[in-house]
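K.L.:
Okay, structure incoming, though there's no sequence with it:
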DNA sequence: GGAGGCTTGTTACAATTCGTTAGATTCCAG
DNA sequence: CTGGAATCTAACGAATTGTAACAAGCCTCC
């Protein structure tokens, strides 16, 4: 089995070294980047399980990067930051980070937290733009679904969020709670029917038979499960 | 929709109050416990999304509890502890906790970290997906029963639970109590007729002759037994 | 500005699931 | 056989989910 990959994004060389050393010691593959642009380029070709991201980057807003990563990739995100204010932590976590570690840190704690993320991590997850599944090709750049005969069906941003969540977590039960939290929204509000409607609309576009959906199954009282073999490319 | 449930296990009343208040404000349901035994009892009847566990408990070893929780429940576990040593954190995370927060803490950070846990999709126990028995193929991914002529009969989640229990324990007596326990319901209530109904519905789908069931036999006064040679694949 | 189109949340009601109830049926001891 | 307990299942209803229809917000193009 190939070792799981952890990417490190930090502009300080010592920190990159310290982290990659500790993580490789612990049995992970690592890839380090000093700049956000290089890091983002790497996501086109590799899909890390966990990303360690320093917020104080020279060339880009770290929080925006975190947000995009959280929505589009299946990777777990751990923020590493010198800012220890509660509000900073909350903002980071709210934007989709899975954990927030304050500098200075002990490398072994980072390893332990990375390992904790690995346990619940989504196995696939790419930041790439197209996914192929069950006779469909979804393109998240053009927001088009293309069937096996080449017919194009456009989908909206909201539908895309749901679709991407499914495509990043195929054949897994996704509870409504997780879905709402992942797609940004407070818990337990009357908002909840919006979720159903999004799914209903997505089902229509995927030409699901309402009585007998093949791709998006409802598990009464539990959530949804996306069947279909997904290949990102 | 039912709000997601967060349980709080801490022996200090002020902390319980502070946390439950903040979490309910954020739209979650909470249940608080001062003792591990009460907490464990509650798990029989409810399944929280996230558990906040204080390690310094009077009546039980917190770390052992965390470990058991991590293995046996599907909940995410966040340790709350006064011990700030790196080694303590590592031990806690290694035993299966998903996060580790040090006292004193800001309630809103706890809320943010709870929300982060809600988002992550926990992998389910990867039991296999299809079983073949007595002319039927049960597919737990698609929730379909397929007979030897290829005809499809969908089954529901509740029916699937019963069916899976039978298929995992063929040719073995399963008492009513065992069945309820493993299907999560509280035992011994007058509610137990639900079990019968589930089985009745399952029998209908398996086209059992009510007078003379071949697959699901009732043992009067004892329970049920599933006959049939099961092959999982 | 405003008309028209698109997106998306909200509402209302329909459909489905599944526990509960209640009577019918079956089982077995006496 | 008979009575009482255990089990079966039709039918009802509460909770959950599906979706059509409406409305609000935001574009773009005149």
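P.N.:
Cool, got the structure. If you're wondering where the values come from, they're calculated on a predicted model, not measured in any experiment.

K.L.:
Just the pLDDT at the nearest residue to residue A:86 once chain neighbours are set aside, thanks.
P.N.:
Excluding the flanking residues, the one nearest residue A:86 by Cβ to Cβ, 6 or more residues apart in numbering or on different chains is residue B:106, at 4.3 Å. C-beta coordinates here come from the backbone N, C-alpha and C atoms, glycine included. pLDDT, residue B:106: 94.

K.L.:
neighbours around residue B:106, how many?
P.N.:
Neighbour count of residue B:106, defined by other Cβ atoms under 10 Å in any protein chain shown: 16.

K.L.:
What of residue A:220?
P.N.:
When neighbours are counted by other Cβ under 10 Å, residue A:220 registers 8.

K.L.:
what does residue A:44 give?
P.N.:
With other Cβ under 10 Å as criterion, residue A:44 counts 11.

K.L.:
do you know how far it is from residue A:141?
P.N.:
12 Å (Cβ to Cβ, to the nearest Å).

K.L.:
Ok, residue A:208 next?
P.N.:
Using Cβ to Cβ, we find residue A:208 at a distance of 24 Å from residue A:141.

K.L.:
Have a look at these two and say which one is more surrounded.
P.N.:
Ranked by neighbour count (other Cβ under 10 Å), residue A:208 and residue A:141 place residue A:208 first, with 17 against 8.

K.L.:
roughly how far apart are the more buried one and DNA strand C?
P.N.:
Between residue A:208 and DNA strand C the distance is 14 Å, computed by Cβ to the nearest atom of the strand, to the nearest Å.

K.L.:
Contact partners for that residue?
P.N.:
Remark: with contacts taken as Cβ atoms under 8 Å, 6 or more residues apart in numbering or on different chains, residue A:208 is in contact with A:214, A:215, A:216.

K.L.:
Test my guess that the second one contacts residue A:227.
P.N.:
Yes. Counting by Cβ atoms under 8 Å, residue A:227 is a contact partner of residue A:215 at 5.9 Å.

K.L.:
Which one of the contacts of residue A:208 is nearest to residue A:193?
P.N.:
Using Cβ to Cβ, the shortest approach to residue A:193 within the contacts of residue A:208 belongs to residue A:216, at 16.5 Å.

K.L.:
In this model residue A:204 seems to touch the closest one, though I could be wrong.
P.N.:
No. Here residue A:216 lies out of contact with residue A:204, judged by Cβ under 8 Å, at a distance of 10.9 Å.

K.L.:
Compare these two (neighbour count), which wins?
P.N.:
Under the criterion of other Cβ under 10 Å, the comparison of residue A:216 against residue A:204 puts residue A:216 first, with 20 against 12.

K.L.:
got the contact list for the more buried one?
P.N.:
Neighbouring residues of residue A:216 by Cβ under 8 Å, 6+ apart: A:166, A:199, A:202, A:203, A:206, A:208, A:224, A:225, A:226, A:227.

K.L.:
Take those and lay them out in a markdown table including distance to residue B:61 and pLDDT.
P.N.:
Putting these into a markdown table (distance: Cβ to Cβ, whole Å; pLDDT from 0 to 100) gives the following:
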| residue | distance to residue B:61 | pLDDT |
| --- | --- | --- |
| A:166 | 41 | 93 |
| A:199 | 43 | 95 |
| A:202 | 47 | 95 |
| A:203 | 48 | 95 |
| A:206 | 50 | 94 |
| A:208 | 50 | 91 |
| A:224 | 38 | 93 |
| A:225 | 37 | 92 |
| A:226 | 40 | 93 |
| A:227 | 42 | 91 |
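
K.L.:
which of those residues tops the neighbour count?
P.N.:
Top of the contacts of residue A:216 by neighbour count (other Cβ under 10 Å): residue A:166, with 26 neighbours.

K.L.:
List the contacts of the residue nearest to that residue when sequence neighbours are not counted.
P.N.:
Of all residues not flanking residue A:166 in the chain, residue A:226 sits nearest, at 3.7 Å (Cβ to Cβ, 6+ apart). Listed by Cβ under 8 Å, 6+ apart, the contact set of residue A:226 reads A:166, A:167, A:169, A:170, A:171, A:172, A:174, A:215, A:216, A:217.

K.L.:
how about 7 Å then?
P.N.:
Residues near residue A:226 by Cβ atoms under 7 Å, 6 or more residues apart in numbering or on different chains: A:166, A:169, A:170, A:171, A:215, A:216.

K.L.:
Show me what it is bridged to.
P.N.:
On the basis of DSSP bridges, residue A:226 is bridged to residue A:216.

K.L.:
Distance of it relative to residue B:36?
P.N.:
Distance, residue A:226 to residue B:36, by Cβ to Cβ: 38 Å.

K.L.:
what's the answer for residue A:228, then?
P.N.:
43 Å.

K.L.:
mind checking pLDDT for residue A:127?
P.N.:
Residue A:127 carries a pLDDT value of 61.

K.L.:
whoops, residue A:9 was the one
P.N.:
pLDDT for residue A:9: 94.
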